[in-house]
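Trainee: give me a 3D structure for the following:
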Amino acid sequence: MLNLNQLRVFYHAAKNLNYTVAAGELFITQPAVTAQMKAFEESCNLKLFRKKGRNLFLTDEGCALYGYAERIFKYEKEIENAIDDMHELKRGVLSLGTTKAYARYFMPLMLTTFHENYPDIKIQLNEGSSLDMTNSLLDFKNEVAVIAKAEDLPGVNFSPFSKEEMAVIVATDHHLTRKKSVSFKELAQEPFIMKENGSGTRKLVEQSFANVNCEPNILMETSNTEFIKQLVQRGDGISIVVKEAVALELGEKKLAQVPLKNPQIYLDVSIAYLKAQALSPPARAFVETLRRLRAEEIDPMGIGAMMAKILAQRRKASK
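Mentor: This is a model prediction of the structure:
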């Protein structure tokens with residue numbers, strides 16, 4: 001088997017055609033170089049150097065091996081540079097999972113901000129339900145996920161990130177708009193457009209109905225928030241969604257919000273990653289970016305408010 005330490009000594013000796021210079025580059029003594037070269041020639045059963053006076057020359061066999069050694073240690077240098085780049089976030093991949101709603105409404109600005117700070121990091125954004133994205137961490141498909149906790153899993157760490165206000169949405173001409181507020185028992189009488197199984201929103205909504213001993217009258221289930229908004233706008237049913245996801249429609253009066261009699265409900269959103277696995281430098285940088293953003297706020301706030309703050313900072317910086 002090839003001794004790479006001896007090959008390294010040979011490479012430096014052959015490059016310089018001088019054992020003393022090679023010893024200096026390798027931070028060893030000249031006799032150590034001589035001993036290594038003697039052992040290397042014996043292991044190869046080849047004569048690699050010839051001497052003429054004080055001058056050192058490569059044999060034909062030595063020249064051939066030097067060509068290979070030169071390529072090997074060139075690649076070694078490239079590998080060292082790649083490792084340094086990864087530590088310095090000059091290259092790498094961020095595998096990130098989130099829900100479809102977050103991917104559409106919140107992630108573009110967050111990822112743009114991250115990319116400005118780390119322009120050489122490639123971002124792979126995957127979408128799915130909160131439960132799907134949690135499982136994607138366990139399957140090593142993603143390193144980090146920004147999701148609601150749909151299920152407690154012992155191997156996954158959930159770090160609180162934001163609290164999203166939930167909104168009961170109805171068509172603008174819906175009879176519930178004439179009420180000052182509604183209870184979950186009243187909502188149970190209406191056809192309900194529900195988020196899909198595995199959704200953090202669904203878990204929260206179902207629990208809210210269960211807390212008052214009733215169940216929603218589910219007309220349809222879907223993972224598509226845009227489809228939910230269209231159905232509700234047409235008057236096919238009502239729904240409960242993250243308020244920020246319908247802020248535009250509420251502002252344009254394409255949808256109406258009905259206040260709850262019960263205490264306002266909030267969706268807890270977390271930064272999720274595996275407990276037993278060290279994060280890669282890009283993933284660690286992304287998590288720290290989110291934590292710094294969250295740590296600046298004392299009171300619970302939604303991602304929409306955080307995005308507004310980022311936009312304000314960007315506008316200020318551009319002036």
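Trainee: could you show me where the helices are in the stretch 51-200 of the chain, in order?
Mentor: For the stretch 51-200 of the chain, the helices defined by DSSP state H, counting those that start in this stretch cover 60-87, 100-105, 107-117, 130-138, 184-187, 200-210.
Trainee: let's check: the centremost residue of this protein is which one?
Mentor: Centroid-nearest residue in the chain: residue 96, 3.1 Å away (criterion: C-alpha atoms, centre = their mean).
Trainee: which ones are touching it?
Mentor: By C-beta atoms under 8 Å, 6 or more residues apart in numbering, the contact set of residue 96 is 107, 111, 123, 124, 125, 126, 142, 143, 144, 145, 146, 286. C-betas here are computed from N, CA, C, even on glycine.
Trainee: which of those residues are buried?
Mentor: By neighbour count, with 16 or more other C-beta atoms under 10 Å, the contacts of residue 96 hold 107, 111, 123, 142, 143, 144, 145, 146, 286 as buried.
Trainee: bridged to the residue nearest to the centre of the chain, which residues?
Mentor: Taking DSSP bridges as the rule, residue 96 bridges to residue 125, residue 144.
Trainee: got the domain ranges for the chain?
Mentor: Domains of the chain are assigned by automatic domain parsing as 4-79, 93-161+268-318, 166-266.
Trainee: any idea how far residue 200 lies from residue 182?
Mentor: Between residue 200 and residue 182 the distance is 22 Å, computed by C-beta to C-beta, to the nearest Å.
Trainee: between these two, point out the one with more neighbours.
Mentor: Neighbour comparison, residue 200 and residue 182: the larger count goes to residue 200, with 25 against 20 (by other C-beta atoms under 10 Å).
Trainee: low-confidence ranges in the stretch 151-300 of the chain?
Mentor: By pLDDT under 70, the low-scoring segments of the stretch 151-300 of the chain are 295-300.
Trainee: the strands in it, which residues?
Mentor: With DSSP state E, counting those that start in this stretch as the criterion, the stretch 151-300 of the chain has strands at 156-170, 191-195, 217-222, 239-242, 256-258, 266-274.
Trainee: just the angle for the longest one relative to strand 266-274, thanks.
Mentor: With axes from the mean of the first three to the mean of the last three C-alpha atoms, to 10 degrees applied, the angle from strand 156-170 to strand 266-274 works out at 150 degrees.
Trainee: flag every buried residue along strand 156-170.
Mentor: By 16+ other C-beta under 10 Å, the buried positions in strand 156-170 come out as 156, 158, 161, 162, 163, 164, 165, 166, 167, 168, 169, 170.
Trainee: my guess is the fourth one contacts residue 294. True?
Mentor: Yep, that's residue 162 we're talking about. Yes - proximity of residue 162 to residue 294 meets the contact threshold set by C-beta atoms under 8 Å, at 7.1 Å.
Trainee: circling back to that earlier point, could you dump the strands of the stretch 151-300 of the chain into CSV with distance to residue 208 added?
Mentor: Listed next are those as CSV, based on distance: least, C-beta to C-beta, whole Å:
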stretch, distance to residue 208
strand 156-170, 9
strand 191-195, 12
strand 217-222, 14
strand 239-242, 8
strand 256-258, 14
strand 266-274, 11
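Trainee: between the buried ones among the contacts of residue 96, which sits nearest residue 10?
Mentor: Of all the buried ones among the contacts of residue 96, residue 10 sits closest to residue 143, with 41.4 Å by C-beta to C-beta.
Trainee: which residues touch that closest one?
Mentor: 94, 95, 96, 137, 273, 274, 279, 280, 283.
Trainee: roughly how far apart are it and residue 164?
Mentor: From residue 143 across to residue 164, the span is 23 Å (C-beta to C-beta).
Trainee: try residue 9
Mentor: Here the criterion is C-beta to C-beta. By it, residue 9 lies 62 Å from residue 164.
Trainee: what of residue 125?
Mentor: Look at residue 125 and residue 164: by C-beta to C-beta, they are 19 Å apart.
Trainee: could you do residue 284 as well?
Mentor: Following C-beta to C-beta, the distance that separates residue 284 from residue 164 is 25 Å.
Trainee: same check on residue 140?
Mentor: Look at residue 140 and residue 164: by C-beta to C-beta, they are 28 Å apart.
Trainee: kindly report the same for residue 7.
Mentor: Distance, residue 7 to residue 164, by C-beta to C-beta: 59 Å.
Trainee: ok, which pair from the contacts of residue 143 is furthest apart?
Mentor: The span of the contacts of residue 143, defined through C-beta to C-beta, is set by 94 and 274 at 15.1 Å.
Trainee: so between those two, which is more surrounded?
Mentor: Applying other C-beta under 10 Å to residue 94 and residue 274 shows that residue 94 carries more neighbours, namely 24 against 17.
Trainee: quick one: the residue nearest to that one when sequence neighbours are not counted from residue 87, how far?
Mentor: Nearest residue to residue 94 in three dimensions, chain neighbours excluded: residue 282, at 4.1 Å (C-beta to C-beta, 6 or more residues apart in numbering). Going from residue 282 to residue 87 by C-beta to C-beta gives 11 Å.
Trainee: ditto for residue 249
Mentor: When residue 249 is compared with residue 87 (using C-beta to C-beta), they lie 45 Å apart.
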